[in-house]
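>>> turn this into a model:
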Amino acid sequence: MPTKPIKEKERCPWCLGFEEYIEYHDKEWGVPVYDDKTHFEFLILEGAQAGLSWSTILKKREGYQKAFADFDYKKVAQFNEEDIQRLMQDAGIVRNQLKIRGTVTNAQKFMEVQKEFGSFNAYIWSFVNNKPIQNERRSMKDVPATSPESDALSKDLKKRGFKFVGSTIMYAYMQACGLVNDHILGCHRYSTVASLSK
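This is a model prediction of the structure:
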């Protein structure tokens with residue numbers, strides 16, 4: 001008797017381009033982040049994405065890890081002109097001078113936020129009342145580019161001197177770091193991610 005083919009898991013359609021994309025969607029996207037180093041990593045990566053696709057950045061993630069001291073914000077905050085010129089020659093990252101300089105600035109501002117709030121994590125989660133927003137999107141067309149929360153976060157970060165933190169970038173950041181659950185309802189990850197809410 002022929003066996004039935006295993007049904008492919010339902011997933012958010014945006015991740016179906018290549019294997020690493022699916023793996024990122026299945027293991028990381030939307031999982032609440034409470035660790036400052038991981039927050040800094042996504043701040044770098046989402047800022048780098050501006051004007052590009054997330055898949056482009058995901059493919060260069062390892063390059064960013066090497067280029068930016070394994071996402072150690074204390075080290076990145078100390079980068080000087082020589083480091084910036086070196087990074088401009090690094091094919092492992094997006095060689096955009098404004099984005100590279102912005103990353104160094106953001107590392108410095110990140111530490112200022114830590115000083116004020118005790119951790120960047122405490123600061124960032126305050127924008128969603130310390131609890132992930134559980135959305136109920138039926139399809140990708142229901143997912144907005146921004147939200148009132150990302151507007152408020154973007155405005156505050158800009159006021160603090162952060163770079164590449166527009167509302168669209170910050171909404172993508174909130175999705176990635178689990179401040180919002182934007183897996184669509186049919187996705188196999190929706191309920192798993194929802195259950196991770198503290």
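
>>> from now on I want contacts and neighbour counts done on CA atoms only, so please keep to that.
Fine.

>>> what's Arg11 sitting at in phi/psi?
Dihedral angles of Arg11 (phi, psi; degrees, to the nearest 10) stand at phi -140, psi 160.

>>> pLDDT wise, what is it at?
pLDDT recorded at Arg11 is 95.

>>> for it, give me its contacts.
Ile184, Gly186, Cys187, His188, Arg189 (C-alpha atoms under 8 Å, 6 or more residues apart in numbering).

>>> check which residues of the helix or strand containing Tyr64 are buried.
Using DSSP states H and E, Tyr64 sits within helix 61-67. By 16 or more other C-alpha atoms under 10 Å, the buried positions in helix 61-67 come out as Arg61, Gly63, Tyr64, Gln65, Ala67.

>>> then stretch 134-141?
Buried residues in stretch 134-141 (16+ other C-alpha under 10 Å): Gln134, Arg137.

>>> stretch 44-60 now?
Ile44, Leu45, Glu46, Gly47, Ala48, Gln49, Ala50, Trp54, Ser55, Ile57, Leu58, Lys60.

>>> report the distance from that stretch to the chain centre.
Centre-to-centre, stretch 44-60 and its host chain are 9 Å apart (C-alpha atoms, centre = their mean, to the nearest Å).

>>> ends of it, how far apart?
12 Å (C-alpha to C-alpha, to the nearest Å).

>>> what does it rub up against?
Contacts for stretch 44-60 (C-alpha under 8 Å, 6+ apart): 20-21, 61, 64, 92-94, 99, 103, 163-165, 169-170, 172-173.

>>> got the CA coordinates for the helix or strand containing Ala122 in PDB?
Ala122 is located in helix 120-125, with elements delineated by DSSP H and E. Extracted C-alpha coordinates of helix 120-125, given in PDB (Å, rounded to 0.1, in the frame of the first residue of the first chain):
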ATOM      1  CA  PHE A 120      18.600  47.700  26.300                       C
ATOM      2  CA  ASN A 121      16.100  44.800  26.700                       C
ATOM      3  CA  ALA A 122      14.200  46.700  29.500                       C
ATOM      4  CA  TYR A 123      14.100  49.800  27.200                       C
ATOM      5  CA  ILE A 124      12.900  48.000  24.100                       C
ATOM      6  CA  TRP A 125      10.200  45.900  25.700                       C
END
